[in-house]
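**Student:** This is a predicted model, with the sequence first.
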Amino acid sequence: MPARTVLQQADITRALTRISHEILESNRGPENLVVMGIPTRGVILAARIGAMLAEISGTVVPSGSLDVTMYRDDLGRNPTRVPSPTEVPPGGIDGKTVVLVDDVLYSGRTIRSALDALGAIGRPSIVRLATLVDRGHRELPIRPDFVGKNLPSATNERINVHLLEIDGDEFVTIEESEGGE
Amino acid sequence: MRHLLSTRDLSRDETITILDVAEDMADVAEREVRKVPALRGKTVVNLFFEDSTRTRISFEAAAKRLSADVINFSAKGSSVSKGESLKDTAQTLAAIGADAVVIRHGASGAPHVLANSGWIDAAIVNAGDGTHEHPTQALLDAFTIRRRLHGADSRGHDLDGVSVTIVGDILHSRVARSNAWLLTTLGASVTFVAPATLLPIGVENWPVEVRYDLDIALAAKPDVVMMLRIQGERMHAAFFPSAREYSRIWGLDDERLAVLAADSIVMHPGPMNRGLEISAAAADSPRSTVREQVANGVSIRMAVLYLTLSGEGGKQ
Amino acid sequence: MTETILVRAVTLVDGTSTDILVRDSRIAELGRAIFASADRLIDGAGLIALPGLVDLHTHLREPGFEQSETIFSGSRAAAIGGFTAVHAMANTSPVADTAGVVEQVMSLGDRHGYVTVRPIGAVTRGLEGQQLSEIGAMANSRAQVRVFSDDGKCVSDALLMRRALEYVKTFGGVIAQHAQEPRLTEGAQMNEGSLSGELGLAGWPAVAEEAIIARDVLLAQHVGARLHVCHLSTAGSVEVVRWAKARGIDVTAEVTPHHLLLTEQLAVGYDSRYKVNPPLRRDEDVRAVREGLADGTIDIIATDHAPHPVEAKDCEWEAAAFGMVGLESALSVVQASVVDTGLLDWADIARVFSKTPAAIGQLAGYAQGIAVGAPASFTLYDPSVSRVFEATQLRGKGVNSPYLSTTLPGRIMATFHRGYATVLDGELVDAETVAAAARAHDQAGVGRG
């Protein structure tokens, strides 16, 4: 089955804008907010959300990246993963409201790792979760606070997220993959 | 990466990956919780047939920061002449369930033998073998040089165009060997400086320049000067006549320190003989990276343990 | 009563095809289509008949190191390799430095019967390089020792070497020198060169061999004695011996099969099966020793068969023992290195691996090769086959062969020692049969007077 496009570039921008508004709404403003993206594409999304939050609210909202590789529970089951840098924004995360951002939410295991990784760099007062796509099939009691698009999928399907900064084009597709994920 | 036996086996890309992962590991050391769970449930054995407290605690700290269980096995007293002891020890460690063996051994090639013998199916990390190699030392040296040159922006960089002069007992130095391969792989140019008695036969076939005269070598303003420890007992085997003569001709004294470019780096793998191969002023000058080398050693060893032990290649 | 054996249509080293009739332990007749009745008929088609190989340099380890090899197991390894005589080195425990030890070694060999075992006597007492051993007693013993060597160690003291050369001359013997300057090779692990530097293994420089050979040929010339150089391994050593022979010095030299085939590159990886003394050398050294053998500078091939127990090799390179087993693989390695490369023909092999080593060891019965009237000691070799050499093909106790899992040409199909078979159909004849044949031979010999 060929890949089917489920989000165009404009849809992605619209989704991120909506998420940004929802974040400000739930946080009652931009105070104490820090946006942390999970590599690789979550970092790009976090930076964009950070910029949108600043634009909407007129206040700088720091964004950074949070590598979760060394906190994963599946290191021994896959080829060696090379970690990515973690960039904690100046001011840190202690006492902050941290919004974790990832591109696709699936089993929830990455987010579990992220919560551990976050704990190693500080103690936020609140942690929220934003995702561009929620495809379901959770294996852990984890639930997103902000969702760009709910995309019910089969386990043998693959979600591809392309972003301009990394891929040179921008869309989200769904396709059947060989033997599932 | 299955094992780390020699820097000769490493490609440029593999080396840069190790150095980059070490950057991430260095970040861990600056966090509130200086520990990651990456190697939880893995067992790392430090198998040291030679005393080296510095190297052992560096590997121990690295393994613990990765949440591995660490067993220190000091095999001191087991003579190298009792050949069967390596095999017996390896089989014991295999039975204990070691996932990685960090081995320091007086016999060149002992880590190779361990990795290829079939006695144990663990990742083997060479922590110094005889007069052969000390790969993690060379990696931490390269890491230290790269950080001095590129700072926080080090990731992804090689050492193209960097000139490194290594001075001292090249013949018996595993540090010099590992550095010669690794630094040239990364694009650096390496010069050895030593009396002919302390240079290996056939060194002209190595990818390095060789000089006898330290002053001429320093006049070329190398970016890095690495002083090797000189062992007093070499004197008795007629490698040089006296410590005083060695120090005068091949020591990094205050006058020679003054010749160096302001941004040059002075390195030493430690432990230092102050006043013999390096003056106190040189060892303590801002150019000296001696203490950084120790800190960076932990990051490099974390990277090596992480890359050999995580992933399905870590253990079948 | 000894067996009558008829070998049909075998090829001699000169390329002619012949039958060989063996009767009363001797070669009774050669020629095409011999008409005779025989107890045993062997089809020699495609096989080369070589005179029984004579090894001038074998470590049989008995007495004292029976866990490595015994005279029995070493004799069997020799027979399956096509040998009918070996010279047992003196570095046993006790050292073969008295008439008692050399007579014991010889008689054990005679009793087993697979090959003639000729003991080599130590040059110095206990191989300690301090004082001469009882050379005269060994020479005059039943074993009639003619070759003396401290092999494993060098007679490095110049004065002692001079005296040894002179004293041995008195008894018509020869000193076989293990040429290794001890101070230059302290802790040495492999050939000294770029590779030893890279591997961090202490170097065994060529000069440590060449300097001793140069000194010894001059000493031999000065005192008018014979000198034999063991396991020469370097291009420089070939040059020194060539120079000495040109000056008329009475020197002979040997090279091992492994120095004809293998190089130091095998040390990469630290597999101690390749650790040997003298060490494997460079490509150019291998070329030089091959050429030296071809032009007669090197007189003979000798195996330096050096068995060790598994644990002596199953360890770090630096902790491992020096040495390789070589009897079983010798002729195949020689074929691969100097015959298949066109440097020597089979007649040359008969000379360097049978006639000349027997002459140096003063062992009777090998001067004529395969000829009517000569003792029937010969081997039948199939040079056309090729085989992956495995430990299952070894017959001694040692498995420290550098050739395991490599492909080697040729195979010994049969060996006859003094008229009886020690190898048939490519496999050893059982020990009882061989021992009985040996006894029968000796009784027949006594009967004939």
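**Tutor:** Happy to help now that I have it.

**Student:** isn't C:Gln177 right next to C:Arg215, touching?
**Tutor:** No - contact status for C:Gln177 versus C:Arg215: not in contact, 9.7 Å apart, counting by C-beta atoms under 8 Å. For every residue, glycine as well, the C-beta is placed using N, CA and C.

**Student:** so what's in contact with the two at the same time?
**Tutor:** C:Met161 (C-beta atoms under 8 Å, 6 or more residues apart in numbering or on different chains).

**Student:** So which of those two has more stuff around it?
**Tutor:** When C:Gln177 and C:Arg215 are compared for neighbours, C:Gln177 comes out ahead with 30 against 18, by other C-beta atoms under 10 Å in any protein chain shown.

**Student:** ok, which stretches of chain C are helices?
**Tutor:** Assigned by DSSP state H, chain C shows helices spanning C:71-80, C:99-112, C:135-140, C:158-170, C:194-199, C:206-223, C:235-246, C:257-261, C:283-294, C:330-334, C:346-350, C:356-360, C:431-448.

**Student:** Chain A too?
**Tutor:** Going by DSSP H, chain A shows helices at A:9-27, A:41-57, A:109-121, A:164-167.

**Student:** Would you reformat the ones you listed as TSV and include mean pLDDT and mean neighbour count?
**Tutor:** Output for the helices of chain A, formatted as TSV (pLDDT from 0 to 100; neighbours: other C-beta atoms under 10 Å in any protein chain shown):
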stretch	mean pLDDT	mean neighbour count
helix A:9-27	97	17
helix A:41-57	97	21
helix A:109-121	95	20
helix A:164-167	95	12
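
**Student:** Out of the helices of chain C, point me to the one whose mean pLDDT is lowest.
**Tutor:** Lowest mean pLDDT within these: helix C:431-448, at a mean of 84.

**Student:** ok, residues contacting that one?
**Tutor:** C:1-3, C:24-25, C:72, C:76, C:110-114, C:418-422.

**Student:** What subset of the residues you listed is buried?
**Tutor:** Buried members of the contacts of helix C:431-448, scored by 16 or more other C-beta atoms under 10 Å in any protein chain shown, are C:2-3, C:25, C:72, C:76, C:110, C:112-114, C:418-422.

**Student:** Out of the helices of chain A, flag the one nearest C:His59.
**Tutor:** helix A:109-121 (62.7 Å; C-beta to C-beta).

**Student:** Tell me what angle the closest one forms with helix A:41-57.
**Tutor:** Angle of helix A:109-121 versus helix A:41-57, following axes from the mean of the first three to the mean of the last three C-alpha atoms, to 10 degrees, is 70 degrees.

**Student:** Could you give the number of residues near the residue of chain A found nearest chain B?
**Tutor:** Taking C-beta to the nearest C-beta, chain B has its nearest neighbour within chain A at A:Thr80, 3.0 Å off. The number of residues packed near A:Thr80 is 19, by other C-beta under 10 Å.

**Student:** quick revisit: could you dump the helices of chain C into CSV and include distance to C:Leu408?
**Tutor:** Conversion of the helices of chain C to CSV gives the following (distance: least, C-beta to C-beta, whole Å):
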stretch, distance to C:Leu408
helix C:71-80, 14
helix C:99-112, 26
helix C:135-140, 37
helix C:158-170, 37
helix C:194-199, 25
helix C:206-223, 27
helix C:235-246, 25
helix C:257-261, 9
helix C:283-294, 16
helix C:330-334, 4
helix C:346-350, 15
helix C:356-360, 22
helix C:431-448, 25
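
**Student:** before we move on, the earlier item: of the buried ones among the contacts of helix C:431-448, which belong to strands?
**Tutor:** Among those, DSSP state E puts C:Tyr420, C:Ala421, C:Thr422 in strands.

**Student:** Out of those residues, which is nearest to chain A?
**Tutor:** C:Thr422 (57.9 Å).

**Student:** my read: the closest one touches C:Ile412, true?
**Tutor:** No - the criterion here is C-beta under 8 Å, and C:Thr422 misses it with C:Ile412 at 10.1 Å.

**Student:** Closest residue of the stretch 1-150 of chain C to chain B?
**Tutor:** C:Gln67 (13.5 Å).

**Student:** low-confidence ranges in chain A?
**Tutor:** The model of chain A has pLDDT under 70 over residues A:1, A:178-181.

**Student:** interface residues of chain B facing chain C?
**Tutor:** Those residues of chain B that sit near chain C, judged by C-beta under 8 Å from any C-beta of the partner chain, are B:8, B:80-84, B:86-87, B:105-110, B:112-113, B:116-117, B:129-133, B:171, B:174, B:177, B:200-203, B:205-206.

**Student:** So chain C: which segments form each domain?
**Tutor:** With domains defined by automatic domain parsing, chain C comprises C:5-49+C:375-448, C:52-360.

**Student:** tell me, what residue is most central in the chain?
**Tutor:** You didn't say which chain, so I picked chain A. A:Asp102 (1.3 Å; C-alpha atoms, centre = their mean).

**Student:** not what I meant, chain C
**Tutor:** C:Asp55 (2.5 Å).

**Student:** does A:Leu45 really touch A:Val133, like I thought?
**Tutor:** No - using C-beta under 8 Å, A:Leu45 is not in contact with A:Val133, being 10.6 Å away.

**Student:** tell me, what's touching these two both at once?
**Tutor:** What both A:Leu45 and A:Val133 touch, as defined by C-beta under 8 Å, 6+ apart, is the set A:Asp103.

**Student:** so where do the strands sit in chain B?
**Tutor:** Counting by DSSP E, the strands of chain B are B:43-48, B:69-74, B:100-105, B:123-129, B:163-167, B:189-193, B:209-211, B:224-227, B:265-267.

**Student:** Which residue does chain A have closest to chain C?
**Tutor:** Counting by C-beta to the nearest C-beta, chain A gets nearest to chain C through A:Thr80 (25.0 Å).

**Student:** how deep is the nearest residue to A:Ile93 once chain neighbours are set aside tucked in, by neighbour count?
**Tutor:** Among residues not flanking A:Ile93 along the chain, A:Gly122 sits closest, at 4.2 Å (C-beta to C-beta, 6 or more residues apart in numbering or on different chains). A:Gly122 sits with 17 neighbouring residues when counted by other C-beta under 10 Å.

**Student:** Hmm, A:Gly122 is touching A:Thr86, no?
**Tutor:** No - contact criterion C-beta under 8 Å: A:Gly122 and A:Thr86 do not qualify, at 11.4 Å.

**Student:** Residues of the stretch 151-300 of chain B that sit close to chain A?
**Tutor:** Residues of the stretch 151-300 of chain B lying near chain A (C-beta under 8 Å from any C-beta): B:Arg155.

**Student:** closest to B:Leu305 out of the helices of chain C?
**Tutor:** helix C:194-199 (25.6 Å).

**Student:** Please determine how far the residue nearest the centre of chain B is located from chain A.
**Tutor:** In chain B, the residue lying closest to the centroid (C-alpha atoms, centre = their mean) is B:Gln137, at 1.5 Å. According to C-beta to the nearest C-beta, to the nearest Å, B:Gln137 and chain A sit 22 Å apart.

**Student:** For the residue nearest to B:Ser242 when sequence neighbours are not counted, give me the pLDDT.
**Tutor:** Once flanking residues are discounted, B:Ser242 sits nearest to B:Met235: 6.5 Å by C-beta to C-beta, 6+ apart. If you check B:Met235, the pLDDT there is 72.
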